[in-house]
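> Got a sequence here, can you build the structure:
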Amino acid sequence: MRDESSNGTKPEQAYEATAESLSGHPVPDWFLNAKFGIFIHWGPYSIPAFAPHKVSMGDMGGGEQGSSFADTPYAEWYQNTMLFEDGATAKYHAETYGVDYPYERFGEAFNAALVDWDPVSWAQLFRRSGAGYVVLVTKHHDGFALWPSDVENPNRAGWHTERDVVGELAEAVRAEGLKFGVYYSGGVDWTFKHQRIESFADFMTSIPGEAEGYTDYATAQYEELIERYRPDYLWNDIAYPSAQASYDILARYYNVVPEGLTNDRWIAPDGQLPPDAFDKPEGLTGLLPPKPAVWDVRTPEYGMFDRILPFVWETTRGMGHSFAYNRNETEADYLTRDDLVGMLARAACFNGNVLLNVGPRGDTVIPPGQADRLEAAGAWLETVGPSVRGTRPVELPERDAGGVPVGAACGDGALYLHVFGVPEAKTLDVALPEGTGAITSVTQYGGKVTSWSVDNGRLTLTVPAWADTAVQSFKLEGGA
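Numbers count the residues shown, from 1 in each chain. Here you go, the predicted structure:
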């Protein structure tokens, strides 16, 4: 933050551009309290909005449905998948636009569509969803910037929006009381280097660097984002071309935005990785990027953890199989309300957050099916919110009760129990955490507890009927 003192002296620089100094940065309370954030993938790729249907990224390394990125379900990868001559995307592109139609034309169409964009209506929807922060993709792998950058792309002049999408959305989101973050593809930029990416193994050889003039370019754009928009979150993707350059960025960022944070996607070709960089922690589902030397939050993709681990994490995923809008997906592909609330409750119990992606269409409209999911999440949080937002995870002696998984969180002097599923019996027996205080009442959100008792560290409660939902949530007054 700029120093507004009368003597004009600079504020104290608390962080130096070293791994040791940066690793001392704490995860801010606002992030720990929020539990729920909105991701937005929106750019030129939203114009064609095409990817093969129902192929999971887990199959990219082999499997029945696909063995390469030719089959990726991610519509934001359109520019790469159209390079597979025999693939579905190349066929769609040729039939719809013509084989000689360059990807760059989608940037023109995207800019033209921005005339009708209303960032305020988006921000209001995000607030109603119950989310605490929004992270906008400001530049994806195609290199297209969603702000009128003064850092000119030497390989594609004017490859950015004419409207200040980043600035306008930041203002609208913050006006609704939400935090605002920026995603930046630091490790891949196809305007600097684009050899066809066929598998995960191609990522590191696809990173542009000093030879392409990319390191200085990306660093200058990061500095511009930090200075102009003071983002509450720097969400880097894939990697960064230089470890020291990433340290320089993060030191500058933390000193400007002390309550900011960053993720774990900063590995560099010239960097030193910790010995456990590629370890897969117990209880993980989905993809997990290799751990760099400096990070605040781990970011499993299309996955979660089912237990408390000694770090904070944030699961990130699309509503369907793609992050960007994919015209081939239907509402049947999207998470249900129960899917989403189950993720939110699990995140609260196991030290995580949910960063749920919205993929607006190229005409600036958030698909109704996605908007409906956000409204449903907000309605659930209106009732159950105290058991999720502002809480901290609590370790239970047993991970199951009544034949279904359970988890716990605490906040405001109460202990919250979340039961993930519908037990067979109407009576539930739960082992309480050691040191649980004297419980004075037990209530169920959206339900009724007919009787309860605590004996020898175990809670027994009975309900007339379980709700047919993904989560049964209870508040134990005085338990924390």
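> Give the bridge partners for residue 458, please.
residue 431, residue 455 (DSSP bridges).
> which ones are touching it?
By CB atoms under 8 Å, 6 or more residues apart in numbering, residue 458 lies in contact with 429, 430, 431, 432. In this view, the C-beta of every residue, glycine as well, is placed from N, C-alpha and C.
> Rebuild the residues you listed as CSV, extending it with neighbour count and pLDDT.
As requested, those are exported to CSV (neighbours: other CB atoms under 10 Å; pLDDT from 0 to 100):
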residue, neighbour count, pLDDT
429, 14, 96
430, 22, 96
431, 17, 96
432, 22, 96
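> you'd agree residue 293 is up against residue 240?
No. Counting by CB atoms under 8 Å, residue 293 sits too far from residue 240 to count as a contact (11.4 Å).
> who's more crowded, the two?
Higher neighbour count among residue 293 and residue 240: residue 240, with 30 against 20, using other CB atoms under 10 Å.
> So the more buried one lies in a helix, does it not?
No. Read with DSSP: H, G, I helix; E, B strand; the rest coil, residue 240 is coil and lies in no helix.
> who touches it in this structure?
Residues in contact with residue 240 (CB under 8 Å, 6+ apart) are 186, 187, 218, 246, 249, 266, 267, 268.
> tell me the SS of the closest residue to residue 402 other than its chain neighbours?
Spatial nearest neighbour of residue 402, chain neighbours left out: residue 423 (3.2 Å); criterion: CB to CB, 6 or more residues apart in numbering. Three-state assignment for residue 423 (three-state DSSP): coil.
> Give the full set of residues in contact with residue 423.
401, 402, 403, 404, 466, 472.
> Check the gap between it and residue 403 for me.
Distance of residue 423 to residue 403, given as CB to CB, to the nearest Å: 6 Å.
> likewise residue 281?
Here residue 281 is placed at a distance of 26 Å from residue 403 (CB to CB).
> The two: who's more crowded?
Neighbours per residue (other CB under 10 Å) separate residue 281 from residue 403, with residue 281 holding more: 15 against 11.
> For residue 317, give me phi and psi.
In terms of degrees, to the nearest 10, the main-chain angles of residue 317 are phi -160, psi 160.
> The closest residue to it other than its chain neighbours - how many residues pack around it?
In this structure, residue 317 finds its nearest non-sequential neighbour in residue 302, 4.6 Å apart by CB to CB, 6+ apart. If you count neighbours by other CB under 10 Å, residue 302 ends up with 16.
> if I look at residue 302, how far off is residue 350?
Residue 302 sits 16 Å away from residue 350, going by CB to CB.
> ok, now residue 76?
28 Å.
> who has more neighbours, those two?
The residue with more neighbours, out of residue 76 and residue 350, is residue 76; 29 against 20, by other CB under 10 Å.
> Three-state assignment for that one, please.
Counting by three-state DSSP, the backbone at residue 76 sits in helix.
> got the contact list for it?
Residues counted as contacts of residue 76 (CB under 8 Å, 6+ apart) are 41, 43, 45, 137, 140, 141, 322, 323, 324.
> from these, which single one is nearest residue 340?
Nearest to residue 340 among the contacts of residue 76 is residue 323, at 15.8 Å by CB to CB.
> who touches the nearest residue to the closest one once chain neighbours are set aside in this structure?
Distance criterion CB to CB, 6+ apart; nearest residue to residue 323, sequence neighbours excluded, is residue 41 at 4.0 Å. Going by CB under 8 Å, 6+ apart, residue 41 touches 76, 137, 140, 318, 323, 324, 357, 358, 359.
> ok, residue 41 to residue 356 distance?
Distance of residue 41 to residue 356, given as CB to CB: 12 Å.
> Could you do residue 318 as well?
According to CB to CB, residue 318 and residue 356 sit 8 Å apart.
> Which of those two has more residues huddled nearby?
Just comparing residue 318 and residue 356: by other CB under 10 Å the higher neighbour count belongs to residue 318, 27 against 24.
> Just list whatever residues bridge to the spatially closest residue to the more buried one that is not a sequence neighbour.
If the residues on either side of it in the chain are set aside, residue 318 comes closest to residue 357, at 4.4 Å by CB to CB, 6+ apart. Here residue 357 sits in beta bridges with residue 39, going by DSSP bridges.
> Show me how this protein divides into domains.
As recorded under automatic domain parsing, the domains making up the chain are 19-387, 392-477.
> which one of these is the most hemmed in?
Of all the domains of the chain, domain 19-387 carries the top mean neighbour count, a mean of 19, counting by mean count of other CB atoms under 10 Å.
> Next, the distance between the ends of it.
End-to-end span of domain 19-387 (CA to CA, to the nearest Å): 36 Å.
> Okay, now the unreliable bits of the chain?
For the chain, applying pLDDT under 70 flags the ranges 1-12, 56-67.
> make it 90
For the chain, the stretches with pLDDT under 90 are 1-13, 53-71, 195, 199-205, 435, 437, 467-470, 478-480.
> Do you have the helices of it handy? List them.
With DSSP state H applied, the chain shows helices at 19-22, 29-34, 78-81, 88-96, 104-113, 119-128, 165-175, 214-229, 243-256, 337-349, 368-384, listed in chain order.
> so residue 230 makes contact with residue 259?
No. Between residue 230 and residue 259 there is no contact under CB under 8 Å: 10.2 Å.
> Would you check how far apart the nearest residue to residue 333 once chain neighbours are set aside and residue 125 are?
Ranked by CB to CB, 6+ apart and with sequence neighbours excluded, the top spatial neighbour of residue 333 is residue 320, at 3.9 Å. Distance, residue 320 to residue 125, using CB to CB: 18 Å.
> re the thing from before, of the helices of the chain, which is nearest residue 276?
Set against residue 276 and scored by CB to CB, the helices of the chain come closest in helix 19-22, at 15.0 Å.
> tell me the contacts of the closest residue to residue 212 other than its chain neighbours?
Distances taken as CB to CB, 6+ apart put residue 192 closest to residue 212, at 4.5 Å, once the chain neighbours are dropped. Residues near residue 192 by CB under 8 Å, 6+ apart: 143, 155, 208, 212, 213, 214, 217.
> what two of those residues are the furthest from one another?
Largest separation among the contacts of residue 192 by CB to CB: 143 and 213, giving 12.9 Å.
> before we move on, the earlier item: redo the contacts of residue 458 as TSV? Include distance to residue 408.
Converted to TSV, the contacts of residue 458 look like this (distance: CB to CB, whole Å):
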residue	distance to residue 408
429	14
430	9
431	10
432	8
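> wait, which of those is closest to residue 342?
Nearest to residue 342, judged by CB to CB, of the contacts of residue 458 is residue 430 at 18.1 Å.
> thinking again about what came up before, wait, the residue nearest to residue 333 touches residue 328, no?
No. Counting by CB under 8 Å, residue 320 stays clear of residue 328, with 9.4 Å between them.
> Nearest spatial neighbour of residue 165, chain-adjacent residues omitted?
Closest residue to residue 165 apart from its sequence neighbours, by CB to CB, 6+ apart: residue 146 at 4.1 Å.
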